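> Build me a model:
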Amino acid sequence: MATATTVRHVKKKPLPAGLPREWYESHNRRLKAMRLAISLLDSGTYDARRATNRKIRTMAVRTGIHRPSNVTCKMVRAFITES
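So this is what the prediction gives:
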């Protein structure tokens, strides 16, 4: 039996200023990949090999996240492997 979960929003702090653009891009990519990995784990996808790009992108649509790139999908699988 599935149970409904509530999402608690965390108060966001501003990112530190003055860092290279690549740092901000990779930071946001890691956050997106982590949110997608958590959503996939919650839905029952515990094996990184079963987390295809299509499945990850479908989960992104279901959770209201912009379509992830191939690099982000690879990062999602890495997070699932580490868990």
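
> Is it correct that residue 53 is in contact with residue 73?
Yes. Using Cβ atoms under 8 Å, residue 53 makes contact with residue 73 at a distance of 4.6 Å. C-beta coordinates here come from the backbone N, C-alpha and C atoms, glycine included.

> all helices for this protein, in order.
21-43, 53-63, 70-82 (DSSP state H).

> Figure out which of the ones you listed is closest to residue 10.
helix 21-43 (11.0 Å; Cβ to Cβ).

> angle of that closest one against helix 70-82?
Interaxial angle of helix 21-43 relative to helix 70-82 (axes from the mean of the first three to the mean of the last three Cα atoms, to 10 degrees): 50 degrees.

> Restricting to C-alpha, output helix 21-43 in CSV.
The C-alpha coordinates for helix 21-43 follow below in CSV (Å, rounded to 0.1, in the frame of the first residue of the first chain):
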residue,chain,number,x,y,z
ARG,A,21,30.3,30.3,-13.7
GLU,A,22,31.3,26.6,-14.0
TRP,A,23,31.0,26.2,-10.2
TYR,A,24,27.4,27.5,-10.2
GLU,A,25,26.5,25.3,-13.2
SER,A,26,27.9,22.1,-11.6
HIS,A,27,26.4,23.0,-8.2
ASN,A,28,22.9,23.3,-9.7
ARG,A,29,23.5,20.2,-11.8
ARG,A,30,24.3,18.2,-8.6
LEU,A,31,21.2,19.5,-6.9
LYS,A,32,19.0,18.5,-9.8
ALA,A,33,20.6,15.1,-10.0
MET,A,34,20.1,14.6,-6.3
ARG,A,35,16.5,15.5,-6.5
LEU,A,36,15.9,13.1,-9.4
ALA,A,37,17.8,10.3,-7.6
ILE,A,38,15.7,10.7,-4.5
SER,A,39,12.5,10.7,-6.6
LEU,A,40,13.6,7.5,-8.4
LEU,A,41,14.6,5.8,-5.2
ASP,A,42,11.2,6.7,-3.7
SER,A,43,9.5,5.3,-6.7
